[in-house]
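Undergrad: I'd like to go over a predicted model; first the sequence, then the structure.
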Amino acid sequence: MLDAKKKLFDVEHALLMYAHSFVILPAVGIYDTERLKEFAEVTKKCHIYVIGETPTIALKDVRQDGCSAKFYVTVGSDMVELNFELPEGANVIEENDRFRFVSPEGREFAIEDLDIAMAVRRKIPVHFNVLYIGQAFGSAGERSALDRLKKHETLQKIALNGIAQGSSLTLLLLEIVPATGLVTVMNPFAQNQKVGNERIRAGIDKLFGTTEKERVALYEASLIRYFQPRYNKEFKDSFPSTNMKVLKDCYSKDFSAVIAEINFDDLPWDLRSELVPSKPSHIATHNLHTTEERSIFFSS
């Protein structure tokens, strides 16, 4: 437990970062230039990428009864039955082991893979096993995660090493909010009660001077330390550290902690790693100071 009376300052700040949009792609999808055009506006802003394995989801059969349809879907080695409502008068046509959905006017319509995956998640637990986390930014944010992944040695290594049977290699691209989030703790029991106003102003001025490049680097390092992905080497044990250039600047700005969040209601699975259990949302929290008198935000 935190002992407020042992803390040095009555005001401490944390830098808050979170993702507010995402793109999901099968690993092979990074070479599908036509399909990628659909996501171009978002992918060019996604600087963080997560490589993981997810259960392969495949539509095996559809049985229609009027406007209702039962979808029989394999999820890895399991079979799941899903109920879907079709437009009135629509028909399901099976051709060469594939299913077409045709409106009463004769026009084809799609039931998206993501809709099926979300329906699966509502029936059974589905997991994204985090294997690697990285970032691409460039000097002025001109590089995206997708640019980096097209020539990514670790992605190729994971593919060559192979993944679990019934699984697919999947990419989660994240866009970090392009603004600074500030969390402030005010402690009326701290040892030093004389510099509170000064520290409030300094925190606002300095933290809001944090660049997007710094935030992307800190977000990546925070998630790596949190998930401990199998294929990452850097930051698993060395974050936070003043040896990291971007962190040197953070220490000079005198904030006490960093917080990195992944929290989406519309992901088709929960994230997990070998060390972190599956959860619908994740918050990576790191104190930047090891001394008890500055570790104000988190008890561990």
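TA: Received it, and whenever you're ready, just let me know what you need.
Undergrad: what pLDDT does residue 122 get?
TA: With respect to pLDDT, residue 122 has a value of 93.
Undergrad: show me this protein divided up by domain.
TA: The record's domain split for the chain, according to automatic domain parsing, is 4-56+127-287, 57-123.
Undergrad: any idea how far the last one is from the chain center?
TA: Domain 57-123 has its C-alpha centroid displaced from the chain centroid by 28 Å (CA atoms, centre = their mean, to the nearest Å).
Undergrad: how about the strands in the stretch 51-200 of the chain?
TA: 57-65, 68-75, 78-85, 91-95, 98-102, 108-109, 127-135, 167-176, 181-186 (DSSP state E, counting those that start in this stretch).
Undergrad: about what we covered before: just put the domains of the chain in TSV and tack on mean neighbour count.
TA: Where you see a C-beta, it was placed from the backbone N, CA and C, and this is true even at glycine. As requested, the domains of the chain are arranged in TSV below (neighbours: other CB atoms under 10 Å):
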stretch	mean neighbour count
domain 4-56+127-287	17
domain 57-123	14
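Undergrad: return the member of these having the minimum mean pLDDT.
TA: domain 4-56+127-287 (a mean of 84).
Undergrad: wait, a strand at residue 15?
TA: Yes: Residue 15 sits within a strand when classified using DSSP: H, G, I helix; E, B strand; the rest coil.
Undergrad: nearest spatial neighbour of it, skipping sequence neighbours?
TA: Distance criterion CB to CB, 6 or more residues apart in numbering; nearest residue to residue 15, sequence neighbours excluded, is residue 258 at 5.0 Å.
Undergrad: for residue 152, same thing?
TA: Nearest to residue 152 is residue 134, by CB to CB, 6+ apart, at 7.6 Å.
Undergrad: ok, that neighbour touching residue 221?
TA: No: under the criterion of CB atoms under 8 Å, residue 134 is not in contact with residue 221, lying 10.9 Å apart.
Undergrad: quick one: contacts for residue 157?
TA: By CB atoms under 8 Å, 6 or more residues apart in numbering, residue 157 lies in contact with residue 231.
Undergrad: what's the spacing between it and residue 116?
TA: Distance, residue 157 to residue 116, by CB to CB, to the nearest Å: 30 Å.
Undergrad: before we move on, what about residue 284?
TA: From residue 284 to residue 116 the distance is 30 Å (CB to CB).
Undergrad: could you do residue 46 as well?
TA: Taking CB to CB, one finds residue 46 at 23 Å from residue 116.
Undergrad: cool, residue 64 as well?
TA: For residue 64, the distance to residue 116 - CB to CB - is 16 Å.
Undergrad: ditto for residue 94
TA: 16 Å.
Undergrad: and the residue nearest to residue 223 when sequence neighbours are not counted, what is it in contact with?
TA: Of all residues not flanking residue 223 in the chain, residue 133 sits nearest, at 5.1 Å (CB to CB, 6+ apart). By CB under 8 Å, 6+ apart, the contact list for residue 133 reads 48, 49, 50, 51, 220, 223, 224, 227, 229, 232.
Undergrad: beta partners of residue 133?
TA: Here residue 133 sits in beta bridges with residue 50, going by DSSP bridges.
Undergrad: ok, it to residue 109 distance?
TA: On the measure of CB to CB, residue 133 and residue 109 end up 36 Å apart.
Undergrad: give me the most central residue, this protein.
TA: Closest to where the C-alpha atoms of the chain average out (CA atoms, centre = their mean) is residue 262, at 4.9 Å.
Undergrad: so what does that one have for phi and psi?
TA: phi -120, psi 110 (degrees, to the nearest 10).
Undergrad: quick one: it from residue 81, how far?
TA: Taking CB to CB, one finds residue 262 at 30 Å from residue 81.
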